[in-house]
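S.K.: Got a predicted structure plus its sequence, pasted below:
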Amino acid sequence: MEPDKNTLIYTIIGTIPIGSVASYGQVAALAGYPQNARLVGRLLKEMPNDSTIPWHRVVNSLGKISFAVGSDKYQQQRQKLLLEGVTFKNEKVNMREHQWL
DNA sequence: TTCTTGACGCGCA
DNA sequence: ATGCGCGCCAAGA
């Protein structure tokens, strides 16, 4: 396997503090891949379920969860964020208060 | 090997 | 605010 990008990305996501969120694009940029937000999404999708990384703190640039509203995954992520004190406004995170960086 | 997909993002109308 | 097109690029069919 090629742990390079993966490890770096996972590490970065791991540094997102509780109560805040980052966009796929931001994480990608920090990892040195500006322009490739999809890379982040793909890795998260293929990440092992037993991993402890806070994947739920990653949302799209609009502050919305990248899953169909009402879907199982959507509910899960929303719930995790709510538990950390993240507030929403019409299915969108209040970026003004929770945006990382 | 080519074509389609997709946990994205940005510029423009 | 909303929709559309295009760029990105690895995985799957």
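M.R.: Received it, and whenever you're ready, just let me know what you need.
S.K.: What parts of chain A come near DNA strand C?
M.R.: Contact residues (CB under 7 Å from any atom of the strand) of chain A with DNA strand C: A:35-39, A:42, A:46. (Each C-beta comes from the backbone N, C-alpha and C, glycine too.)
S.K.: Please list the residues outside stretch A:62-70 that contact it.
M.R.: Identification of contacts with stretch A:62-70 by CB atoms under 8 Å, 6 or more residues apart in numbering yields A:21, A:24, A:41, A:59-60, A:73-74, A:77-78, A:91-95, A:99.
S.K.: Around DNA strand B, pick out the residues from chain A.
M.R.: So far as CB under 7 Å from any atom of the strand goes, chain A lies against DNA strand B at A:23-26, A:37-38, A:40-42, A:44-45, A:47, A:55-56, A:58, A:60-62, A:66-67, A:73, A:77.
S.K.: Which ones among these map onto helices?
M.R.: Counting by DSSP state H, the residues of chain A next to DNA strand B place A:24-26, A:37-38, A:40-42, A:44-45, A:73, A:77 in helices.
S.K.: List the contacts of the spatially most central residue of chain A.
M.R.: The residue lying closest to the centre of chain A (CA atoms, centre = their mean) is A:Val58, at 1.2 Å. A:Val58 is in contact with A:13, A:16, A:21-24, A:27, A:40, A:44, counting by CB under 8 Å, 6+ apart.
S.K.: That one and A:Ala31, how far apart?
M.R.: 12 Å (CB to CB, to the nearest Å).
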